[in-house]
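*Asks:* Show me how the following folds:
(one chain, ligands or ions: 1)
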Amino acid sequence: MSVSTMAAPPIRLHARRSQAQKTPCAEWCAFVELYRLAAKSFSDAVEVLPYAPGGEFNQAWQRAERARKNLDEARSALMRHEYTHDCCTRTEASNA
Ligand SMILES: [Zn+2]
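*Replies:* Here you go, the predicted model:
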């Protein structure tokens with residue numbers, strides 16, 4: 001029941017901990033994955049803009065706009081989760 005009463009951990013232990021220092025929930029991971037995918041498709045959509053010839057530019061632009069909105073929503077969802085759920089701000093000390 002009692003949390004650790006130890007002094008500062010040795011360096012080696014600290015280095016090992018830094019990998020698993022945050023233990024976000026599965027939902028957070030899903031939101032991050034959505035955000036990653038949204039960012040990727042936004043990047044892809046913007047990437048082709050300079051190469052879209054006159055007539056196609058509008059379509060490419062619309063696609064980029066949709067991707068941007070998706071990215072925005074994915075970002076909001078992720079941040080909302082971090083705000084309401086404390087899973088990402090947990091410190092390594094609470095890992096017992
Ligand atoms: Zn969470």
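
*Asks:* Buried residues in the helix or strand harbouring A30, which are they?
*Replies:* Here A30, judged by DSSP states H and E, is contained in helix 26-47. For helix 26-47, burial by neighbour count (16 or more other C-beta atoms under 10 Å) applies to 28, 31, 34-35, 38, 41-42, 45. Yep, even glycine has a C-beta here, placed from its N, CA and C like the rest.

*Asks:* from these, which is closest to the ion?
*Replies:* Nearest to the ion, judged by C-beta to the ion, of the buried residues of helix 26-47 is W28 at 4.2 Å.

*Asks:* Near the ion, which residues of this structure? Just list them.
*Replies:* 25, 28, 85, 87 (C-beta under 5 Å from the ion).

*Asks:* got the buried residues for the longest helix along the chain?
*Replies:* In the chain, taking DSSP state H as the definition, the longest helix is helix 54-84. By neighbour count with 16+ other C-beta under 10 Å, helix 54-84 contains the buried residues 60, 63-64, 67, 70-71, 74, 77-78, 81.

*Asks:* Distance check, D72 against R36.
*Replies:* Distance of D72 to R36, given as C-beta to C-beta, to the nearest Å: 14 Å.

*Asks:* In the protein, where is pLDDT below threshold?
*Replies:* 1-22, 89-96 (pLDDT under 70).

*Asks:* before we move on, back to that, are any of the residues of the chain next to the ion buried, and if so which?
*Replies:* Using 16+ other C-beta under 10 Å, the buried ones in the residues of the chain next to the ion are 28, 87.
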